[in-house]
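Asks: Just a sequence and a predicted model for now, questions to come.
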Amino acid sequence: MKQLDRIYLSSPHMSGREQQYIQEAFDTNWVAPLGPNVDAFEAEIAAHAGTAGAAALSSGTAAIHLALELLGVGAGDVVFCSSLTFIASANPILYQGAEPVFIDSEPETWNMSPGALRRAFEEADRKGRLPKAVIVVHLYGQSAKMAEITELCERYDVPIVEDAAESLGSTYHGISSGSIGKFGIYSFNGNKIITTSGGGMLVSNDEQALKRARFLATQARDPALHYQHSAMGYNYRMSNLLAGVGRAQLQVLPHRVDARRAVFERYSQAFKDDQGFRFMPELEGSRSNRWLTTLTIDREQTGVAIPELIGAMAERNIEARPVWKPLHLQPLFAGVAYYAHEENDSVSERLFESGICLPSGSNLSSSDLDRVIGCIREQLKIASGLRV
Ligand SMILES: *Cc1c(COP(=O)(O)O)cnc(C)c1O
C-alpha cells in the first residue's frame, strides 16, 4: 500500500519573499551576525509588539536567558515559572544558578493560575524569599490571565518575563502578546508560527536594557580598539541572513494567524457533537494565534486513550503529540516546589493526561485535515465497538 504523505504537527511555511531578502544580503555581502536586516527586523518586531525596542537573538531560549540576566537573577535566587510548558522556559533559570518554583495552570486558559501564584507569593513573602522574576508562558498561543497576574506581581514588586514563544500574533485586550511584562520573548524556531529556521527576539520598553542585551549577546565587548571585556558575555546574536527570512515571514503573520485559526475552527466543528471532546478555550478579550490546536479527550466518555490515538495516527503518517509534560513532573526538576491550582487539584497534570496537539500548520490542505479528522473518527468507532 502506498504510504500517504506525512502530515506534520507544524511545519515551516515560506511566503516566497524570503529569498529576496537573502539575495540582498548576499549582494551587499552582509553575511554576518548583525547588519541591515537585523536592525530592520528589530524595528519591525518592536512596531508589531508596540514596544520601544527589540533585540534579535539566536533563539527564544537565549532571549529568556538574557532577560533573567538583565533582571539580576543569580545563584540562590528564586524564579517562579509556569509548569505546563516546554523545558526551554525554565532551563535559563538553571543557567543562572537560580532555583525554579513551578506554578500550575487554571482551566480557562491552561496557563498560570493566579490562585496558585498568590499562594506561592504569600508563602515566599512569609519566608522572606520573594522571587526575582516570574516567567509567564502563553501556551499554544493563548494569553494567560495577565490582568490578575500583573496585579499580584506589582503587589510584590516582582518583574514579569512573558514567554510568548508560541503566541506571536496573539492579542490580550488588543495588546500584543509579549508586550505587557518587563520583558517579552519570541521564538522563530522551525515549528513556530513564523520561522527564521532558528532565532529569537527580546522585546521591552526599557531601551537601556535592550542595549545591554545586545552588548551581552556579542561577547560583552567593551568600547575599545583592542578586545577588552569587563563582563561575561555570550554569542547570542541573530545572523543578518536569518533576519532577512524573519522580515519576509513577519509580513505574512496576520495570514498565518487566520490560517491557524481556520484549522482550529475546522477541528472544533468536526467534533462539536462528540461527548468528551474539549478544545482549548479562548479567554474573553483575548485572541489566540491558535499556534497548535489542542484539546482534551476524556477516556471514560470516548474509550480513546491519548497514547494509543497518537500511535494510530503515526501509523497513518500523521504527527500528533501529547500536551507538554508539566515541568514539576520532569526528572530534571525532581524535588522542586510546585503550587497547584487548588490544594488538591493539579490542572496541568489533568491536561497532560488527556491532552493532545493536532497537526495545525498554516500550510495544511483541506484534504490533510480530512485525513486527520477521519483517522480520529476511525479510532472513536473502534473504541465504541470495543465497548458494546
Ligand atoms: C519554542 C519555545 C521556546 C524556545 O524557543 P527556541 O527559539 O527554540 O529557543 C521557549 N518557550 C516555549 C514555550 C517554546 O514553545
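Replies: Nice, thanks for sending it over.
Asks: the strands in the stretch 201-350 of the chain, which residues?
Replies: 277-279, 286-287, 293-297, 321-322, 338-339 (DSSP state E, counting those that start in this stretch).
Asks: export those strands to a markdown table and tack on mean neighbour count, mean pLDDT and distance to the ligand?
Replies: Glycine gets a C-beta too; all of them are placed from N, C-alpha and C. Converted to a markdown table, the strands of the stretch 201-350 of the chain look like this (neighbours: other Cβ atoms under 10 Å; pLDDT from 0 to 100; distance: least, Cβ to the nearest ligand atom, whole Å):
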| stretch | mean neighbour count | mean pLDDT | distance to the ligand |
| --- | --- | --- | --- |
| strand 277-279 | 18 | 97 | 19 |
| strand 286-287 | 21 | 98 | 17 |
| strand 293-297 | 23 | 98 | 13 |
| strand 321-322 | 17 | 97 | 12 |
| strand 338-339 | 22 | 98 | 18 |
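Asks: from what I can see Ala337 touches Ile103, true?
Replies: No - using Cβ atoms under 8 Å, Ala337 is not in contact with Ile103, being 9.7 Å away.
Asks: what's the overlap in contacts for these two?
Replies: Ala120 (Cβ atoms under 8 Å, 6 or more residues apart in numbering).
Asks: Counting neighbours, go ahead and name the busier of these two.
Replies: Ile103 (35 against 16; other Cβ atoms under 10 Å).
Asks: Bridged to the more buried one, which residues?
Replies: For Ile103, the beta-bridge partners under DSSP bridges are Ser82, Tyr339.
Asks: The residue of the chain found nearest the ligand: how many residues sit nearby?
Replies: At 2.7 Å from the ligand, Gly60 is the closest residue in the chain, using Cβ to the nearest ligand atom. Using other Cβ under 10 Å, the number of residues around Gly60 comes to 27.
Asks: quick one: which of the strands of the stretch 201-350 of the chain is nearest Leu253?
Replies: strand 286-287 (13.0 Å; Cβ to Cβ).
Asks: other SSEs contacting the closest one?
Replies: strand 171-172 (3 or more Cβ pairs under 8 Å, 6 or more residues apart in numbering; DSSP states H and E).
Asks: neighbouring strands for the helix or strand just after the strand it packs on, and are they parallel or not?
Replies: Later in the chain than strand 171-172, the nearest helix or strand by DSSP states H and E is strand 175-176. Taking DSSP bridges as the criterion, strand 175-176 forms sheet pairs with strand 171-172 (antiparallel).
Asks: and the strand it pairs with, how far out from the chain's middle?
Replies: From the chain centre to the centre of strand 171-172 is a distance of 14 Å (Cα atoms, centre = their mean, to the nearest Å).
Asks: what about it, average pLDDT?
Replies: Averaged over strand 171-172, pLDDT sits at 98.
Asks: Do I have it right that Asn363 meets His13?
Replies: Yes - at 4.3 Å, Asn363 counts as touching His13 under the criterion of Cβ under 8 Å.
Asks: Tell me the residues of this protein that contact the ligand?
Replies: Those residues of the chain that sit near the ligand, judged by Cβ under 6 Å from any ligand atom, are 59-61, 85-86, 88-89, 137, 163, 165-166, 187, 189, 200.
Asks: Secondary structure and pLDDT for these - can I get that in TSV?
Replies: Shown next, in TSV, are those (DSSP: H, G, I helix; E, B strand; the rest coil; pLDDT from 0 to 100):
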residue	secondary structure	pLDDT
Ser59	coil	98
Gly60	helix	98
Thr61	helix	98
Thr85	coil	98
Phe86	coil	98
Ala88	helix	98
Ser89	helix	98
Val137	strand	98
Asp163	strand	98
Ala165	coil	98
Glu166	coil	98
Ser187	strand	98
Asn189	strand	97
Gly200	strand	98
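Asks: Let me have those residues in TSV, adding distance to Gln208 as columns.
Replies: Below are the residues of the chain next to the ligand laid out as TSV (distance: Cβ to Cβ, whole Å):
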residue	distance to Gln208
Ser59	23
Gly60	22
Thr61	23
Thr85	29
Phe86	30
Ala88	26
Ser89	25
Val137	26
Asp163	22
Ala165	24
Glu166	28
Ser187	24
Asn189	28
Gly200	20
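Asks: Now list the buried members of the residues you listed.
Replies: 59-61, 85-86, 88-89, 137, 163, 165-166, 187, 189, 200 (16 or more other Cβ atoms under 10 Å).
Asks: can you pull the buried residues of the longest helix that the chain contains?
Replies: Assignment by DSSP state H gives helix 366-387 as the longest helix of the chain. Under the neighbour-count criterion of 16+ other Cβ under 10 Å, helix 366-387 has 368-369, 371-373, 375-376, 379-380, 383 buried.
Asks: Just the closest of these to Leu9, please.
Replies: Val372 (10.6 Å).
Asks: my read: that closest one touches Pro359, true?
Replies: Yes - if you go by Cβ under 8 Å, Val372 and Pro359 touch, sitting 5.6 Å apart.
Asks: with the buried residues of helix 366-387 in mind, which one is nearest to Pro33?
Replies: Using Cβ to Cβ, these come closest to Pro33 at Asp368, 36.7 Å.
Asks: Just the pLDDT for the spatially closest residue to that closest one that is not a sequence neighbour.
Replies: Distance criterion Cβ to Cβ, 6 or more residues apart in numbering; nearest residue to Asp368, sequence neighbours excluded, is Ile7 at 5.1 Å. Looking at Ile7, its pLDDT reads 97.
Asks: shouldn't Ile7 be in contact with Asn317?
Replies: Yes - using Cβ under 8 Å, Ile7 is in contact with Asn317, at 6.8 Å.
Asks: Does Ile135 belong to a helix, a strand or coil?
Replies: strand (DSSP: H, G, I helix; E, B strand; the rest coil).
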